[in-house]
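Participant: Build me a structure from this.
(4 chains)
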Number of protein chains: 2
Amino acid sequence: MEVQTSQNTADKIKAVSLSLFARKGFEGTSLAEIASRVGIKKPSLYAHFKNKEDIFLAVIDKVMADYIAYFETVANKLVNRQAEEKLFILLKENTDYLRDEELGLIWKRMMLFPHETLKEKLKEKFLASEEKMTGTILAILKELKEDGIIQENTEEVLDAYYCLMDGTFEQVFYYPEIEHKRRLQHSWQVFWKGIKR
Amino acid sequence: MEVQTSQNTADKIKAVSLSLFARKGFEGTSLAEIASRVGIKKPSLYAHFKNKEDIFLAVIDKVMADYIAYFETVANKLVNRQAEEKLFILLKENTDYLRDEELGLIWKRMMLFPHETLKEKLKEKFLASEEKMTGTILAILKELKEDGIIQENTEEVLDAYYCLMDGTFEQVFYYPEIEHKRRLQHSWQVFWKGIKR
DNA sequence: GTCTATACAACGATAGAC
DNA sequence: GTCTATCGTTGTATAGAC
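Facilitator: Next comes the predicted model:
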């Protein structure tokens, strides 16, 4: 196995494109700017990718893979923790990860304004990661219920947790980190009081 | 005062543009398509607006004005209601209004991915409506606190309420109406339990 | 794999006749 | 106020030499 000392051109294209697609969207990003930032001429892009959509899909694949990999490391952080802590860590780590501007932005763009012709492909990829998340959450809720810490109505708790997650996710982009932290803390406290026995 | 029997051309342009900007964004919308849907030729647009940005700003102005007007009618619905109900109605009406696909989409786009050169102008317009909202919420919370119904920590309650609002707003776009209604109900129940004395 | 050169369509915008 | 005609630019994409 060879050691990769530096990014090859295809990877560099993907990295540059991620940044541009995140900030400017699919239509707002031109191949000319991508090529320029990579340091090659426009036609050279076609030696690595079939066309613009092909570049976009490669970027999305990487974003998804990175997110799922990150989720695995978070799941590892949860072992040997109290169930209550697990629920909070899951929430906090998620927003911390997506706070990374470019990652969070492209994630948001994908989910809210998917490019028309790529809608179906994106939805598939997204559903896989969502199922994983729900499985993890449900396991924690089961634990909490068996210990008699939270109420019995799992669906209510799960719906409220996802709403909490979506709300804090949204707010990552409006507010500076320090303010967001306070809002997250407060929202969590109310949520926790709301689901306790 | 004359009675307007049908839309004039400028209004038609704004209506068509709202729909296109909402679904395709600023860059994704072409003047050719706007003109085509209005039923005129491209250069005729310039008899009504200075350029593309000018059309976009006119659309945004209308969206904002409509939203503020709607908020007024909601505020009227609140009188003679219990404070708890007020808080819920405010939440529900807001998502109901933004559920209108085109309105909600362009609102979301504006706030999350404002067009670079229009960022400042949009922010101003948005802040005005947000202040109004916060004022209304705080008045309700004060009422609830004085009656000893909810806890004393107003900042915590306000932060959690906004998170609830942002979360349900986000979910308007993911889930079909019937599922969203259930999620809203559940999230609200947990929130309410969480802020009660 | 990278380049120059170029094709070709679509873009926003303007000129000027009616 | 609407049109035809057209400008200049930029967009994606391809051909073919090195």
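Participant: Verify the stated contact: A:Lys86 with A:Leu78.
Facilitator: Yes - if you go by CB atoms under 8 Å, A:Lys86 and A:Leu78 touch, sitting 4.6 Å apart. All C-beta atoms are positioned from the backbone trio N, CA, C, and that covers glycine.
Participant: Looking at those two, which is more packed in?
Facilitator: Set A:Lys86 next to A:Leu78 and count neighbours by other CB atoms under 10 Å in any protein chain shown: A:Lys86 wins out with 23 against 17.
Participant: Please list the residues of chain A that sit near DNA strand D.
Facilitator: Neighbours of DNA strand D within chain A, by CB under 7 Å from any atom of the strand: A:29-33, A:42-43, A:46, A:51-53.
Participant: quick one on the thing from earlier: give the residues shared as contacts by A:Lys86 and A:Leu78.
Facilitator: A:Ile140 (CB atoms under 8 Å, 6 or more residues apart in numbering or on different chains).
Participant: Highest neighbour count among the residues of chain A next to DNA strand D?
Facilitator: Of all those, A:Thr29 has the most neighbours under the rule other CB under 10 Å, reaching 21 neighbours.
Participant: Run through the residues that contact that residue.
Facilitator: A:17, A:20-21.
Participant: Look up phi and psi at it.
Facilitator: Main-chain dihedrals, A:Thr29, degrees, to the nearest 10: phi -100, psi 130.
Participant: Tell me the predicted confidence for it.
Facilitator: For A:Thr29, the model assigns a pLDDT of 97.
Participant: Distance check, it against DNA strand C.
Facilitator: Relative to DNA strand C, A:Thr29 is positioned 15 Å away (CB to the nearest atom of the strand, to the nearest Å).
Participant: what about that residue, distance to A:Val38?
Facilitator: Going from A:Thr29 to A:Val38 by CB to CB, to the nearest Å gives 13 Å.
Participant: near DNA strand C, anything from stretch A:38-58?
Facilitator: Yes - using CB under 7 Å from any atom of the strand, a contact is recorded between stretch A:38-58 and DNA strand C, made by A:40-44, A:47-48.
Participant: For those residues, which single residue is the most surrounded?
Facilitator: Of these, with other CB under 10 Å as the count, A:His48 tops at 18 neighbours.
Participant: For that one, give me its contacts.
Facilitator: Going by CB under 8 Å, 6+ apart, the list of residues near A:His48 reads A:9-10, A:13.
Participant: now do A:Lys14
Facilitator: A:55, A:58-59, A:62.
Participant: C-terminal to the helix or strand where it lies, what's the next element?
Facilitator: Following DSSP states H and E, one finds A:Lys14 within helix A:9-28. Note on helix A:9-28: by DSSP H and E, the next helix or strand toward the C-terminus is helix A:31-38.
Participant: Can you name the element that comes right after that following helix?
Facilitator: Counting by DSSP H and E, what follows helix A:31-38 is helix A:52-78.
Participant: Let me know the angle separating the helix or strand that that following helix is followed by from helix A:52-78.
Facilitator: Remark: after helix A:52-78, the chain's next helix or strand is helix A:83-99, criterion DSSP H and E. Note on geometry: by axes from the mean of the first three to the mean of the last three CA atoms, to 10 degrees, helix A:83-99 and helix A:52-78 are set 150 degrees apart in direction.
Participant: what about helix A:83-99, near chain B?
Facilitator: No - shown here: helix A:83-99 not in contact with chain B (CB under 8 Å from any CB of the partner chain), separated by at least 10.9 Å.
Participant: How far away from the center of its chain is the helix or strand that that helix is followed by?
Facilitator: Following helix A:83-99 in sequence order, the next helix or strand is helix A:101-112 (DSSP H and E). Relative to its chain's centre, helix A:101-112 lies at 8 Å (CA atoms, centre = their mean, to the nearest Å).
Participant: ok and helix A:101-112 relative to helix B:101-112, angle-wise?
Facilitator: For helix A:101-112 against helix B:101-112, the angle by the same axes, to 10 degrees is 180 degrees.
Participant: Output the contacting helices and strands for helix A:101-112.
Facilitator: helix A:9-28, helix A:52-78, helix A:83-99, helix A:119-146, helix A:154-174, helix B:101-112 (3 or more CB pairs under 8 Å, 6 or more residues apart in numbering or on different chains; DSSP states H and E).
Participant: Please point out which parts of the fourth one sit buried.
Facilitator: Within helix A:119-146, the residues that qualify as buried are A:122, A:125-126, A:133, A:136-137, A:140-141, A:143-145, counting by 16 or more other CB atoms under 10 Å in any protein chain shown.
Participant: residues contacting the nearest residue to A:Glu156 once chain neighbours are set aside?
Facilitator: Excluding its sequence neighbours, the residue lying closest to A:Glu156 (CB to CB, 6 or more residues apart in numbering or on different chains) is B:His186, at 4.3 Å. B:His186 sits next to A:155-157, A:159-160, A:163 when contact means CB under 8 Å, 6+ apart.
Participant: how about those in JSON lines, adding pLDDT and neighbour count?
Facilitator: Shown next, in JSON lines, are these (pLDDT from 0 to 100; neighbours: other CB atoms under 10 Å in any protein chain shown):
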{"residue": "A:Glu155", "pLDDT": "97", "neighbour count": "10"}
{"residue": "A:Glu156", "pLDDT": "98", "neighbour count": "20"}
{"residue": "A:Val157", "pLDDT": "98", "neighbour count": "24"}
{"residue": "A:Asp159", "pLDDT": "98", "neighbour count": "22"}
{"residue": "A:Ala160", "pLDDT": "98", "neighbour count": "27"}
{"residue": "A:Cys163", "pLDDT": "98", "neighbour count": "28"}
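Participant: Sweet, I'm off.
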